[in-house]
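just the structure for this:
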Amino acid sequence: MAGLVESAQWGQRMPDIFVRSHRHRYIPVSIPAQGNKDISLYITPAWQLRTPHVERIDRMRLSHIGGIIFICEDGLCRAQKKLYEMPKPTVNRM
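As a prediction, the model looks like this:
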């Protein structure tokens with residue numbers, strides 16, 4: 001992760017949270033770090049339904065639709081996800 005390299009290179013404190021977007025799936029990841037502390041990585045869900053562009057790239061997988069809210073208090077941050085239930089696709093048999 002480039003952010004960890006950058007913080008070490010410049011003698012800065014490592015980030016507690018990384019956020020990566022444009023993957024269309026909600027994925028939380030925890031990375032062990034020094035001092036019995038974890039670094040959290042959140043990949044955000046899509047914020048809109050599929051577009052014609054997505055249909056050309058990947059017709060099989062449905063995106064997660066929603067968002068993440070970060071609540072930071074007393075020096076600690078936690079993430080609260082909101083994912084919307086998507087209708088199940090229909091299968092047409094020929």
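
just name the shakiest helix or strand of the chain by mean pLDDT.
helix 52-57 (a mean of 68; mean pLDDT, DSSP states H and E).

C-terminal to it, what's the next element?
Downstream of helix 52-57, the first helix or strand assigned by DSSP states H and E is strand 65-73.

for the strand or helix carrying P28, C-alpha coordinates in CSV please.
In the assignment (DSSP H and E), P28 maps to strand 27-33. Written as CSV, here are the backbone C-alpha positions of strand 27-33 (Å, rounded to 0.1, in the frame of the first residue of the first chain):
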residue,chain,number,x,y,z
ILE,A,27,-15.1,-5.1,1.4
PRO,A,28,-13.6,-4.3,4.9
VAL,A,29,-10.0,-5.5,5.6
SER,A,30,-8.0,-5.3,8.8
ILE,A,31,-4.2,-5.2,8.6
PRO,A,32,-2.2,-5.9,11.9
ALA,A,33,0.2,-3.0,12.8
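
just give me the longest helix of this structure.
helix 2-9 (DSSP state H).

pLDDT on it, on average?
For helix 2-9, the mean per-residue pLDDT is 82.

just want the angle from it to strand 27-33.
Following axes from the mean of the first three to the mean of the last three CA atoms, to 10 degrees, one obtains 20 degrees for the angle between helix 2-9 and strand 27-33.

could you pull out the buried residues of helix 2-9?
Neighbour-count burial for helix 2-9, counted by 16 or more other CB atoms under 10 Å, picks out no residue. Placement of C-beta: from N, CA and C, glycine included.

just give me how far that helix sits from the chain centre.
From the chain centre to the centre of helix 2-9 is a distance of 20 Å (CA atoms, centre = their mean, to the nearest Å).

so what strands line up beside the helix or strand just after that helix?
Once the chain leaves helix 2-9, the next helix or strand it forms, by DSSP H and E, is strand 17-20. Next to strand 17-20 in the sheet, as set by DSSP bridges, lie strand 37-43 (parallel).
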